[in-house]
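Chemist: What shape does this take:
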Amino acid sequence: MDIFKLIYQHDIRLDRLRERQTDRSVQQTSGSIEDFLKPDPTYSKFYFTGTRPAEQQFGFNVLKKTDAVINALSEALKEYCLFTEDGESDVRSALAEQPAGAAMVLTRRDSHSWSFQELSVDEGSNVGHKKDEVAQLLETDDLLLYKEQAHNGFDLHLFSKQNIYRNFFYPLQALVDDQFRFFSMNGKRINSERKFYFETWALDRPPHGIEEVFPETVL
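Modeler: Sure, this is the predicted structure:
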């Protein structure tokens with residue numbers, strides 16, 4: 001059986017990605033009412049992973065339906081063009097060819113200029129070390145996708161200024177059957193490894209913040 005997990009987190013303040021100034025003398029300030037009332041820009045992030053419980057295999061790519069899940073993600077992101085350091089690609093090819101940590105950018109813009117070297121993550125760091133670079137990209141409404149190392153392969157981590165959860169929900173819901181269970185997980189409540197791997201101890205009674213998606217589930 002496939003256990004597929006989509007972990008989402010919305011309304012994260014974009015300025016949390018920015019490097020904060022600790023010296024008050026160099027901080028930018030504004031006293032205008034317009035700036036005060038302007039809502040803080042936010043972003044969303046999505047984490048895609050899976051488990052084969054019977055085999056104790058963990059990772060997006062261990063699922064028997066991995067190909068179908070990739071098709072669903074491609075459908076969800078069909079309005080974007082995907083680029084890697086090697087040029088334009090598609091979701092399936094990029095996931096097959098790019099190493100973990102390599103930046104993959106999805107855009108709807110005609111012109112673009114990214115530094116894949118600055119966005120990519122090496123073995124000694126993580127996306128948390130790329131806060132300013134990620135923030136700059138998200139401000140353009142482009143999406144940023146990474147493969148992340150998992151126990152038995154890789155997972156996927158996607159950053160988006162817009163909340164595009166609905167784009168993923170329906171294509172993934174269409175895969176649900178007796179051998180493919182889909183769980184939607186609120187990342188703000190997944191605050192421990194035990195909750196992240198809930199399927200190993202509480203599959204039939206998930207903790208609060210984890211909802212199973214059924215064919216009849218509606219948003």
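
Chemist: Give me the buried stretch members for stretch 101-116, please.
Modeler: Of all the residues in stretch 101-116, those buried under the rule 16 or more other CB atoms under 10 Å are 101-107, 114. C-beta: built from backbone N, CA, C; applies to glycine.

Chemist: what does the helix or strand Met185 falls within rub up against?
Modeler: When secondary structure is defined by DSSP states H and E, Met185 falls within strand 180-186. Outside of strand 180-186, the residues that reach it under the criterion CB atoms under 8 Å, 6 or more residues apart in numbering are 1-9, 63, 65, 169, 172-173, 175-176, 199, 206, 209-213.

Chemist: Kindly recompute the last result at 7 Å.
Modeler: Strand 180-186 has contacts (CB atoms under 7 Å, 6 or more residues apart in numbering) with 1-8, 65, 172-173, 175-176, 206, 209-213.

Chemist: Among the residues you listed, which ones are in helices?
Modeler: 172-173 (DSSP state H).

Chemist: ok, Glu55 - how many residues close by?
Modeler: Close neighbours of Glu55, defined as other CB atoms under 10 Å, add up to 10.

Chemist: Going by neighbour count, list what's buried in stretch 76-96.
Modeler: When neighbours are counted by 16+ other CB under 10 Å, the buried residues of stretch 76-96 are found to be 76-77, 80-84, 89, 91, 94-95.

Chemist: what's the first-to-last distance across that stretch?
Modeler: From its first residue to its last, stretch 76-96 covers 18 Å (CA to CA, to the nearest Å).

Chemist: next one: stretch 87-105
Modeler: The first residue of stretch 87-105 is 10 Å away from its last residue (CA to CA).

Chemist: Check stretch 115-127 too.
Modeler: 15 Å.

Chemist: Please identify the buried residues of it?
Modeler: Of the residues in stretch 115-127, 119-121, 127 count as buried by neighbour count, 16+ other CB under 10 Å.
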